[in-house]
Structures are given as C-alpha cells and as structure tokens.
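Asks: Provided below for reference: sequence and predicted model.
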Amino acid sequence: MKIIVLPGDGIGPETMAATVEVLRAASQRFGFDLELEQDVAGHDSLLRHGATVTPALLDKVRAADGLMLGPMATFDFKDESKGEINPSMFFRKELDLYANIRPARTWNGVPHKVDAFDLVVVRENTEGFYADRNVASGGSEMLITEDVVVSLRRITRMCCRRIARAAFELARNRRKRVSIVHKANVLKIGDGMFIDECRKAALDFPDVAVDDFIVDAMMAHVVRAPQRFDVIVTTNMFGDILSDLTAELSGSLGLGGSLNMGARHAMGQAAHGSAPDIAGQDIANPFSLILSAGQLLEWHGRRTGQAACIAAAEAILHTAAAVVEAGESTRDVGGNLGTAATGQAFARRLLDA
Ligand code: NAD
C-alpha cells in the first residue's frame, strides 16, 4: 500500500509524525507492505512551489493507494490567483471524494456528558451549500447588490444515490440502522429527492432498519440519546455541523477520525484544524489523525481484499481505546504525555497487541 503523506500546517507536522509511527508499527505487526511518501501542501508548498497544491502532487496522489492530509491553515488561503487553494477542498473535488465518514464514540477514561454511544455520520462531500465545489467554474455564492447575497445549494440524484449506498453498506457491517437527516419540510424538492434516494437504496438492504429526522429536531435527539443512532446519512452542510456536535459529545473533537472516500481514492484527514495557538509545543493530540489513518487502512483493505489491512485498522481502534483508558495520551484527553510520546506509546501497544 502506497500512501502520500502531507503533514500540513501548524500542529500538522507533529501529529503526522506520530501517525506515521503508528502506521509503520501497523505494517510491521500485521505484515503488509507499506510505502509512505512524504510531500508538501499548504504553506510549505506555497513557499516552495508558489501554490498550496500543484498538478504534479495531484498526479502523485492519483497514482497512490491513499492520501493522509494533515490539518491545513485554510483561513490563510484566500486568493486562488496567488496559489492559495484550500488543499482539503482541492482533493475532495479533484478525486471526487463524495463521502465523508466521521465516526464518533465515547471512550472509557474520557469524561462525557451523555450516555455511552458509538455512531458514524456519513456526510455528502461534493455539493450542497458549498460554494467552492458545486459549480464547474466560478462560485455559487453571488453578491447581487451591495446588500443582497444569493448562495445556491446543489443537490443531484446521482450524489444522493451514492452517499445513500455508502451509508447502507457501512450500516450492514455495524448495528444495521440508518437514520436519514434532512430539512424536507422546507427544502421540499432537494431534500425530498435526498430522502427518496435513501429510501430506494434501503430496498437493497432489507436487513438494515431506516428512520428519518428533520435536522433541527435531530440536534435535540442526538444530544438527548446519542446511543440510539448507528449510521446517520445527510447532506453536506448538515453533516458538517452534526459531525462536529457528535465528535464533541464523545468527549473531544480531537478524538474523531475523518475519512473522505470516493470510488477509487480516499483521504484520511484530522477532524480539527491546524491549531496555530499550540503549534510546535509538543502538546497537540494526534488521535484524530491516527484514527483517520486507521479508517484509510480499512477502506484499502475492503477494496483490495487485504485482510491484514482490515485487521490493522481494527487493532488501531482497540489500541486507541486502551491508550486513552491508560492515560497514555495528551493532556486534553486526561493524559500527561506530549504528542511524540503519545505516538510512541501508541506504536508500542500496537506492536504488543
Ligand atoms: P482548530 O481546530 O485548529 O483549533 C480550535 C481549538 O482546538 C484551538 O484552541 C486548538 O488549540 C484546539 N485544537 C485543535 N486541534 C487540536 C489537537 N489535535 N490537540 C489539542 N488541541 C487542539 O480551529 P481554528 O483555530 O479555528 O483554525 C485554525 C486553522 O485551521 C484555520 O486556518 C482554519 O481555517 C483551519 N482549519 C482547517 C481544517 C482542515 O484542514 N480540515 C479544519 C478546521 C480548521
């Protein structure tokens, strides 16, 4: 398995170094070939190549089996004509990574304010309300007059269909329940189509139960009783917001992995940003990036039939639980280790698993 590794900005290099250590331990323990090729994106690439991402890098990623993208200082990248492209958006769009898979679960050893739960938000990633990705050229947010803005939301049958299938396929390997989240009482046509396509996909998965919730009510349901949910499927912006809520309910945003996947490519990515306030201090929590790397291994294993990659992904999840419970982690989740020591402790436990 060849993975392109882009450490990113801020805390990216520290958290990615810990993640690379864990990936190497996984390949050693489970005996699969792993080639990690490091390159640059974000500020380093802007300095070196005049753009945060380049066509040559995209070609390299296309030819590889997966991408690990570190957190990027996206807020700094404002002018595409100066090479300031949002790398995360760029790869999602260019590689057609239509499904953002964001698991959230509670962990023994990390305080949480709700009952224990284990769910996954499956978020459509390529259209919806995101002005930077739902038109072929230009943007879909317009200043009509100085005082009037129109933002367009794109919903297509094809994107609804494929995200629905991704959710049901995932649910089949879990607790076999899909909850559809929408605003079809107001967005009758767009979200009406989304629900229709989810219900149609459900016909091919008779063993998976389905229900649906209006997005505003869902916020109350998920805070009140997150344990009743298994897989939640929704459109882009609702999924963006809901998945941060579920990650935080689990005890910390830093404990949520995130995989962006398409038909042929996938990208592991931390759920958080580049955290410039704590960069370079060896205190950033690497778990989000490590868990995303585990998701990437699982995606590759299922796609290629490599059982060793699937076993490694499961072991990463179990090791994360053990490491957190033992307090071998950064301070934000109750431990007293630095970023590098957390990566080392994780890799050691994985090798002993
Ligand atoms: P952030 O997620 O970087 O940080 C928010 C808060 O959480 C900060 O206090 C930070 O110290 C803390 N935090 C974040 N990750 C942590 C970790 N791993 N361990 C411990 N604490 C952690 O959000 P922000 O400060 O609003 O954004 C900083 C930059 O990141 C901006 O340029 C923003 O656009 C970008 N961003 C990028 C992504 C991405 O690459 N996917 C996502 C969100 C934000």
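Replies: Thanks, I have the structure now.
Asks: Run a quick neighbour tally on the residue of the chain found nearest the ligand.
Replies: The nearest approach of the chain to the ligand comes at Gly273, 2.4 Å away (CB to the nearest ligand atom). C-beta: built from backbone N, CA, C; applies to glycine. For Gly273, the count of nearby residues is 18 (other CB atoms under 10 Å).
Asks: hang on, it packs against Asn86?
Replies: No: Gly273 is beyond contact range of Asn86, at 11.7 Å (criterion: CB atoms under 8 Å).
Asks: residues shared between the contacts of the two?
Replies: Counting by CB atoms under 8 Å, 6 or more residues apart in numbering, the shared contacts of Gly273 and Asn86 are Met72, Thr74.
Asks: what's in contact with stretch 337-353?
Replies: Contacts of stretch 337-353 (CB under 8 Å, 6+ apart): 11, 14-15, 17-19, 21-22, 24-26, 28-29, 282-287, 290, 315-316, 318-320, 322-323, 328-330, 335.
Asks: what are the bridge partners for Ala99, then?
Replies: Beta-bridge partners of Ala99, counted by DSSP bridges, are Glu124, Met261.
Asks: That one: neighbouring residues, count only.
Replies: The burial count for Ala99: 26, using other CB under 10 Å.
Asks: contacting residues for it?
Replies: Val122, Arg123, Glu124, Asn125, Arg162, Ile163, Ala166, Asn260, Met261, Gly262.
Asks: again with His272
Replies: The contact partners of His272, by CB under 8 Å, 6+ apart, come to Pro71, Leu253, Gly254, Ser288.
Asks: and what of Gln295?
Replies: Per CB under 8 Å, 6+ apart, neighbours of Gln295: Ile101, Pro103, Gly257, Ser258, Leu259, Gly268, Ala313.
Asks: for Asn134, same thing?
Replies: For Asn134, the contact set (CB under 8 Å, 6+ apart) comprises Thr126, Glu127, Gly128, Ser140, Leu152, Arg153, Arg154.
Asks: out of those residues, which are buried?
Replies: Buried members of these, counted by 16 or more other CB atoms under 10 Å: Thr126, Glu127, Gly128, Ser140, Arg153, Arg154.
Asks: As a check, name the ranges of all strands in this structure.
Replies: Counting by DSSP state E, one finds strands in the chain at the ranges 2-6, 35-38, 66-69, 99-105, 118-124, 141-145, 148-151, 177-182, 209-214, 231-234, 259-261, 266-269.
Asks: Put together CSV for those strands, with mean pLDDT on each row.
Replies: Formatted as CSV, those follow (pLDDT from 0 to 100):
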stretch, mean pLDDT
strand 2-6, 98
strand 35-38, 98
strand 66-69, 98
strand 99-105, 97
strand 118-124, 97
strand 141-145, 93
strand 148-151, 94
strand 177-182, 98
strand 209-214, 98
strand 231-234, 98
strand 259-261, 98
strand 266-269, 98
